[in-house]
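Peer 1: could you look at this predicted model? Sequence included:
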Amino acid sequence: MRSVSDRYIDIFKDDNQKTKKISESLSTEEAFETVSHISDLSSKNIANMWKNGQKVCRTKYVMEAMGENYPTPILEISLVIDAIVNNLDELLDESLPKDKKSLHIFDLSKDIGYISSSNKLNSEQKEMVGTFFRNKIPIVGGGEFYYTELIQGSPDDFTLWKKYYDSRIIDIDIFMELALNELGYKSEDTIRAARDFRAVNLISKDIRDIEDDVENGIKTPFTIAHQIDSNPKEYAKKIAQEYIDDLNKFKIKEPVLEYTRKNFSKMCEEELKQ
């Protein structure tokens, strides 16, 4: 089976022919090879970031949890939304070199074009996508900044830590929601399971990246805690366990969704082993 990174690159493989025709109509075809090269690089850039672990592919997590039950008709649109989130995140990095920033802008432009012209979403799914970008992504970014500032003043207040991660974990919602809707399900418990996993996933990443984050001046609860405790892994265990306990305290009636919940639980265990 082709990787999600390769599948993402495939989405835009036919774009160059249309771009060439437009270039020819404008008598600017001599620039086409350069445009085509940059276009290819931009798609491969985000795909390679998924491959090497620089960026997470939330779609991949949902696919792993659902297994053979994952509805492939929404795979492309899910990957494009994933890429948009990652491209936006990279563009917020003020230290990003200009050539790298250009690739993310180029790719983001293609992603937006794909979303706007796609006929693969039903009306409910379109509303889900709109809510994700209009309402949930601002909470992810704003909550991360707001609670980081509060944690600096009270690094031992785990209520703030919980709110910090609670605001970030909704970035997995749309990927689970689209899959559920495609299969005809509405399940808040499955969204809850996905969020619990995402929290453990984020905590695991933040603790693994703590030295690099400290060096690069990136603020997370763990880099803040690192200032008063050189080994804040106990902090990680405590906050992660809250989400794991929540994930394991309920079951879902529908077999397909309970299978997904159980897989998210197993994935949490694997995250903690890393």
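Peer 2: Right, received. Where do you want to start? Residues are numbered from 1 along each chain as shown.
Peer 1: quick one, helices of the stretch 51-200 of the chain?
Peer 2: Under the criterion DSSP state H, counting those that start in this stretch, the stretch 51-200 of the chain contains helices at 58-66, 75-91, 98-117, 123-131, 137-153, 158-168, 173-182, 188-208.
Peer 1: which other helices and strands does the fourth one contact?
Peer 2: Just to be clear, that refers to helix 123-131. When contacts are defined as 3 or more C-beta pairs under 8 Å, 6 or more residues apart in numbering; DSSP states H and E, helix 123-131 sits against helix 173-182. From N, CA and C alone the C-beta is placed, and that goes for glycine too.
Peer 1: how about the first one?
Peer 2: Using 3+ C-beta pairs under 8 Å, 6+ apart, the elements in contact with helix 58-66 are helix 4-11, helix 75-91, helix 173-182, helix 188-208, helix 255-273.
Peer 1: for it, give me every contacting residue.
Peer 2: Taking contacts as C-beta atoms under 8 Å, 6 or more residues apart in numbering, the residues outside helix 58-66 that touch it are 4, 50, 70, 75, 78-79, 81-82, 85, 171-172, 175-176, 179, 193-194, 197-198, 201, 256, 259-260, 263-264, 267.
Peer 1: can you do 6 Å?
Peer 2: By C-beta atoms under 6 Å, 6 or more residues apart in numbering, the list of residues contacting helix 58-66 from outside reads 4, 70, 78-79, 82, 172, 175-176, 179, 260, 263-264.
Peer 1: which of the residues you listed lies closest to L121?
Peer 2: Each of the contacts of helix 58-66 was scored against L121 by C-beta to C-beta, and S78 proved nearest at 10.5 Å.
Peer 1: any low-confidence regions in this structure?
Peer 2: For the chain, residues meeting the criterion pLDDT under 70 lie at 1, 14-39, 94, 229-231.
Peer 1: so which residue is smack in the middle of this protein?
Peer 2: R58 (4.4 Å; C-alpha atoms, centre = their mean).
Peer 1: distance check, that one against E242.
Peer 2: Using C-beta to C-beta, to the nearest Å, R58 is found at 21 Å from E242.
Peer 1: I'd like the contacts of helix 58-66 as CSV, with neighbour count and distance to I207 appended.
Peer 2: As requested, those are exported to CSV (neighbours: other C-beta atoms under 10 Å; distance: C-beta to C-beta, whole Å):
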residue, neighbour count, distance to I207
V4, 19, 25
Y70, 18, 29
S78, 25, 28
L79, 27, 28
D82, 26, 23
I172, 22, 19
F175, 25, 24
M176, 27, 24
A179, 25, 28
T260, 28, 26
N263, 18, 23
F264, 26, 19
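Peer 1: circling back to that earlier point, got the helices and strands packed on helix 58-66 as TSV, with distance to K126 columns?
Peer 2: Shown next, in TSV, are the helices and strands packed on helix 58-66 (distance: least, C-beta to C-beta, whole Å):
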stretch	distance to K126
helix 4-11	18
helix 75-91	10
helix 173-182	10
helix 188-208	18
helix 255-273	23
